[in-house]
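Chemist: Predicted model follows, preceded by the sequence.
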Amino acid sequence: MTLYVNVCICIAPGADADYDRLKRDFLCSEDIWYPIRFSVTRIVRLSSSYSFADREISYLTPFTEQPKVNRLMHHATALSPRADIYVCYVGGDYFQEDNVIACACSRVSNGILKGFIVITNGAASHSNLYTLAHELGHILLTRREQGVWTNSDPDCPDGGVHHPNSQNLMHPIIPSPKSWRHPEDLITSNQRRTALRSPLLKEKSNRR
Ligand SMILES: [Zn+2]
């Protein structure tokens, strides 16, 4: 049995998102969130109306309140309605806020959960290899608890969305790759267990 989510990748003009980067980002994310597979069902190259400049997008303002980002989310959903997660690679290195290079948000529409990730060229360097896996973590940890949607980290004592340990993938300052560290050690068993209960996950039989 394989557990997977369907992913639509959108590439905005100016995004440094060649095949090697996409492959690297998703293979690394699969190593960390094993056994979850990210099944890329569509890759879309966006038109110039979705060009983003450096520091154009805000991390603190909700995506739905930023007209261009909101339009991008609607466009992506229309292009690939069955995707569970939309990963939008954009140009520029940073968000408006200092040192922010990516952001994830989950939306529930008509009872259906979908995840959106915006990731800049700042995440293309090797030292930021775990950025996509971290943002996917925010989406995979989104669940319904006692009738309320939450994306809190299951190990965070005060209910925040990040993990207190600086070696953990979900720390607010995402750790850099170290050769001695196994990818599966970047998350706790509790985080993995929570992700494996994500309502986004689908199953497919491995039998032919
Ligand atoms: Zn985060």
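Modeler: Perfect, I can see it now.

Chemist: Please count neighbours and contacts with C-alpha atoms only from this point.
Modeler: Will do.

Chemist: Strands along the chain, start to end?
Modeler: According to DSSP state E, the chain carries its strands in the segments 2-11, 36-45, 85-89, 102-109, 112-119, 143-145, 148-150, 202-204.

Chemist: Mean neighbour count, those strands: which tops it?
Modeler: Most buried of the strands of the chain by mean neighbour count (mean count of other C-alpha atoms under 10 Å) is strand 85-89; its value is a mean of 26.

Chemist: quick one: strands adjacent to it?
Modeler: With DSSP bridges as the criterion, the sheet partners recorded for strand 85-89 are strand 2-11 (parallel), strand 112-119 (parallel).

Chemist: could the strands of the chain be laid out in JSON lines, adding distance to residue 137 and mean pLDDT?
Modeler: What follows is the strands of the chain, written out as JSON lines (distance: least, C-alpha to C-alpha, whole Å; pLDDT from 0 to 100):
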{"stretch": "strand 2-11", "distance to residue 137": "13", "mean pLDDT": "98"}
{"stretch": "strand 36-45", "distance to residue 137": "11", "mean pLDDT": "97"}
{"stretch": "strand 85-89", "distance to residue 137": "11", "mean pLDDT": "98"}
{"stretch": "strand 102-109", "distance to residue 137": "9", "mean pLDDT": "94"}
{"stretch": "strand 112-119", "distance to residue 137": "10", "mean pLDDT": "97"}
{"stretch": "strand 143-145", "distance to residue 137": "12", "mean pLDDT": "95"}
{"stretch": "strand 148-150", "distance to residue 137": "13", "mean pLDDT": "95"}
{"stretch": "strand 202-204", "distance to residue 137": "16", "mean pLDDT": "94"}
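
Chemist: closest one to residue 178 among these?
Modeler: Ranking the strands of the chain by their distance to residue 178 (criterion: C-alpha to C-alpha) puts strand 102-109 first, at 20.8 Å.

Chemist: Which elements pack onto that closest one?
Modeler: Contact here means 3 or more C-alpha pairs under 8 Å, 6 or more residues apart in numbering; DSSP states H and E; on that basis strand 102-109 packs against strand 112-119, helix 131-140.

Chemist: ok, back up a step: looking at the strands paired with strand 85-89, spot the one closest to residue 149.
Modeler: Among the strands paired with strand 85-89, the nearest to residue 149 by C-alpha to C-alpha is strand 112-119 (9.8 Å).
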